[in-house]
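> Show me how the following folds:
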Amino acid sequence: MSCSACSTHIEKSVSKIPGVTEVNVNLLSNTMVISFNDLKVKESEVVASVISAVGNAGYQASQHRTESKNRAQFDWNPNESYEHLGIRLMVSAFFCIFLLYFAIAKIAMLPLPSLFYGIENALLLPFSQFLLLLPIVIASKRYFERGYLALLRAAPTMDSLIAIGSTAAIVYGISALYMISWGYGRSNMVIVEKYTQDLYFDTAGMVLTLVTLGKYLESGARRQTRKAITKLANMRPDTATILKNGIETLVHVKDICIGDVIVIRPGQHIPVDGEILEGHTTVDVSAFTGDSIPVDKGKGDRVTSASVNLTRPITLRAERIGDDTTLARIINLVEEASSSKAPISSIADRISSICVTVAISISILTAIVWFLLGANVTFIMSSAISVLVIACPCALGLATPAAIMVGMGKGAQNGILVKTAETLEVAHSVDTIILDKTGAITEGKPRVTDIISLCELDHNELLAYAATIEHPSEHPLSWAISEEAEKSGVALLPLDSFIPFPGEGVSAFIRGKEYFGGGPDLIAKKGTDISQFLPYLGKLSAEGKTAFCFAEKGKPLGIVAVADIIKPDSVRAISDFYAMGLDVIMFTADNEHAARGIAKKIGIGKVMARLIPEDRAKHIQTLKTEGHVVAMIGDGINDAPALAAADIGIAIGAGTDIALDSADIVLVRSNLRDAVIALRLGKAVMQNIKENLFWALIYNILGIPIAAGIFYNFFGWSLNPILAAVVMSLSSVSVIFNSLRLNSFKKKK
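Residues are numbered from 1 along each chain as shown. Presented below is the predicted three-dimensional model:
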């Protein structure tokens, strides 16, 4: 494909296939993703029909992979490699230099061999220009082959415009050779002189060379847009060392099986996802998270493919291999997203679908009008060819996918996985952020926050009694007390017996004495005065903490408070949301009092408490009905209905499959500030797309009237084909390089 007219033609051809419901062709990556009704047609039938339809449209396609039971991705054999374009450019430029020299030599008084002087040699210089043009035409034959084929199929493209314009110049130049010969044979030196200076071979050569230069620069810039994805892909090692029966064997990563034990030495990339069996090391995970600080990993910890082992040897058991690894899934996710289309791209599609036909029509009209106005043939040719060249819509087709691809890659580098281009477009319009408390704002892992002794026991002694009493309990927060005791090195006391009181607390006998743990109601019921507990309970509850009261029968021992710890970056992230002008709401299943305590601590003004998953989805639907664009941020497990209901669902943490399935954006790190970065990235990408569309259109809007000579009689403005080729090439290159500016997008510290 050479321009958006190509991709539009392919989309129209494939969309006519029975059963195909959606077609997205990406000009930048040479890929196509189709959706089809798998209840009506078989995948094999659709694939065969798609390849046939693409072939009938004048292109080639092959199936890349099946994304799901009703989606398939196709790609094209590369139109032309970057290196091959470079060779073509060198050949064209070499001969073009001599062609230009010969074309302007006599006018600019440049030295020439003596055989080119004299009236008897009048045909030598023009014919030499023709011979110098031939290698350029041969090197550029793809424009002619594809351009005229597309024209014959009634689906003209950018190549058609270049082919028609160049052919017109070449035909005119050849006719000039005949006129020179005819004039020379009749000693009509006026005719000879006129056509000697009016050949247009140099114009054809320059147009073809400059278009190739533009394509070369564009191809190089395209490679840069895929830099992030390529960098990720290159982090997959080709080989790995597996350990079987004490013997190490080097194998290809494709030969690794689930359950294999793999040896990873310092400096090596981890080839699969797995669990560390032996060893302790530090791992570089910057490929996924964007963080340069290594992470400590030891026995029992899980590591992901493409992470780098930095310090010590480890062995791990393979759990996810091949296309199932985290790295492979991330690369596939980014590539799929890059192949998708943002709704704004429909503007470019509509314009490009008629652009080439309109350009040819304007070119013909320009020639007719100037002919009727009595302009000379040189001016008519120049104007008509200039219109054809400058009207090429290649930049339009690149405006959206270039920005999307760079933006997606930049997001992946920062641990932000965006599933579709549409998500980025919606992200810049979000006005309401909903945060699930557990997992998004807090760590989702309760910890002991306060140990308050109300007797002679010190903190560690009280913790020993509390951990012993709660250790057998099934209460979801009890394990936090046990973990705190283990972390503090506090040993459990001998436990004689244990009795649970569901909904109230527990009773335990330690060394023959009865102790109680739980809420104040149980403590009071068992005969202990709770007046010493009350001053602390209100304060702890207001702070969103759960208080466990402990007592020996008739004697208060103390309080151990447990809370889900607020993540270090949550307060800063919430402040950033407000600074962006967003309305922030916290969803939680906690009671109203505890929820208000957490919200006050982190600076959120709106709270909805005691919500079950269905309630969350209903509240989101209500907000959307009121006209709000809502982003929901959760952990991707309990929040699946809410994530699906929101305009944008953002899942924190990519460790679970449901996080990848239920959300539109997945944050690899469990860091709320990455959600801020994701929304900022969406705004940056959309701004970049709008800029690209502006630059893609402004060249045509301003260039076509000037090229057609509309302003010539008023201001003397005109545009020769060579300058038109320069401007046309600049339009594509400027769009690509403007998109590459997204690589400078930085996370705020």
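> Return the set of buried residues in stretch 604-615.
Buried residues in stretch 604-615, counted by 16 or more other CB atoms under 10 Å: Ile604, Val607, Ala609, Leu611, Pro613. In short, each C-beta sits where N, CA and C put it, glycine included.
> Which parts of the stretch 351-500 of the chain are strands?
Using DSSP state E, counting those that start in this stretch, the strands of the stretch 351-500 of the chain run over residues 416-418, 432-436, 442-453, 497-501.
> Could you tell me how many residues sit around the nearest residue to Leu177 once chain neighbours are set aside?
Excluding its sequence neighbours, the residue lying closest to Leu177 (CB to CB, 6 or more residues apart in numbering) is Pro126, at 5.7 Å. By other CB atoms under 10 Å, the residues close to Pro126 number 24.
> ok, now how distant is Pro126 from Tyr184?
Going from Pro126 to Tyr184 by CB to CB, to the nearest Å gives 11 Å.
> now Ile499
Taken as CB to CB, the span from Ile499 to Tyr184 is 120 Å.
> Between those two, point out the one with more neighbours.
Neighbours were counted for Ile499 and for Tyr184 using other CB under 10 Å; Tyr184 has more, 18 against 12.
> Report the contact partners of that one.
Tyr184 sits next to Ala122, Leu123, Val192 when contact means CB atoms under 8 Å, 6 or more residues apart in numbering.
> okay, it: pLDDT?
Looking at Tyr184, its pLDDT is 79.
> Name the helix or strand for it, please.
Per DSSP states H and E: Tyr184 is located in helix 158-185.
> Okay, now the unreliable bits of the stretch 201-350 of the chain?
Across the stretch 201-350 of the chain, the ranges flagged by pLDDT under 70 are 221-222, 224-229, 231-232, 287-293, 334-342, 348-349.
> Repeat the analysis, applying 90 as the threshold.
For the stretch 201-350 of the chain, the stretches with pLDDT under 90 are 201-240, 243-249, 252-256, 267-271, 273, 281-312, 320-350.
> For it, which segments count as helices?
Using DSSP state H, counting those that start in this stretch, the helices found in the stretch 201-350 of the chain span residues 201-225, 227-233, 286-289, 326-339, 345-372.
> gap between the residue nearest to the spatial centre of the chain and Ser541?
The chain has Met408 as the residue nearest its centroid, 1.5 Å off, counting by CA atoms, centre = their mean. Separation of Met408 from Ser541 (CB to CB) stands at 45 Å.
> same question, Ser744
Taking CB to CB, one finds Ser744 at 48 Å from Ser541.
> ok, the two, which is more surrounded?
The residue with more neighbours, out of Ser744 and Ser541, is Ser541; 17 against 8, by other CB under 10 Å.
> isn't Leu151 right up against Ser160?
Yes: using CB atoms under 8 Å, Leu151 makes contact with Ser160 at a distance of 4.8 Å.
> Among the two, which residue is more densely surrounded?
Between Leu151 and Ser160, counted using other CB under 10 Å, Ser160 has the larger neighbour count: 29 against 18.
> List the residues that contact the more buried one.
Gly147, Tyr148, Ala150, Leu151, Val356, Ile360.
> and which of the residues you listed is nearest Tyr101?
Lowest distance from Tyr101 to those (CB to CB) belongs to Gly147, with 28.2 Å.
> report the angle between the axes of the host helix or strand of the closest one and helix 201-225?
Gly147 belongs to helix 141-152 when assigned by DSSP H and E. Helix 141-152 and helix 201-225 are oriented at 90 degrees to each other (axes from the mean of the first three to the mean of the last three CA atoms, to 10 degrees).
> one step back: for the buried residues of stretch 604-615, give me a markdown table that also has pLDDT and secondary structure.
Below are those laid out as a markdown table (pLDDT from 0 to 100; DSSP: H, G, I helix; E, B strand; the rest coil):
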| residue | pLDDT | secondary structure |
| --- | --- | --- |
| Ile604 | 90 | coil |
| Val607 | 90 | strand |
| Ala609 | 85 | coil |
| Leu611 | 81 | coil |
| Pro613 | 72 | helix |
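> Quick check: the residue nearest to the centre of the chain touching Val418?
Yes: between Met408 and Val418 a contact is recorded at 5.9 Å, counting by CB under 8 Å.
> Now Gly581: closest residue in space that isn't a chain neighbour?
Among residues not flanking Gly581 along the chain, Asp431 sits closest, at 7.5 Å (CB to CB, 6+ apart).
> Wait, the one you found touches Lys624, no?
No: counting by CB under 8 Å, Asp431 does not reach Lys624; the two are 11.1 Å apart.
> Quick one: closest of the strands of the stretch 351-500 of the chain to Phe714.
Here strand 416-418 is closest among those (CB to CB), at 49.3 Å.
> Could you give the average pLDDT over that closest one?
Strand 416-418 comes out at a mean pLDDT of 84.
> Direction included, what does that strand pair up with?
strand 665-667 (antiparallel) (DSSP bridges).
> Please enumerate residues in contact with the partner strand?
333, 415-419, 423, 427, 636, 648-654, 659-660, 674-675, 678.
> Kindly report the same for stretch 694-709.
For stretch 694-709, contacts defined as CB under 8 Å, 6+ apart pick out 348, 351, 355, 359, 362, 366, 370, 375, 379, 383, 386-387, 389-391, 393, 395-396, 398-399, 711, 717-719, 724, 727-728, 730-731, 734-735, 738.
> Number of residues surrounding Glu275?
Neighbour count for Glu275, taken as other CB under 10 Å: 13.
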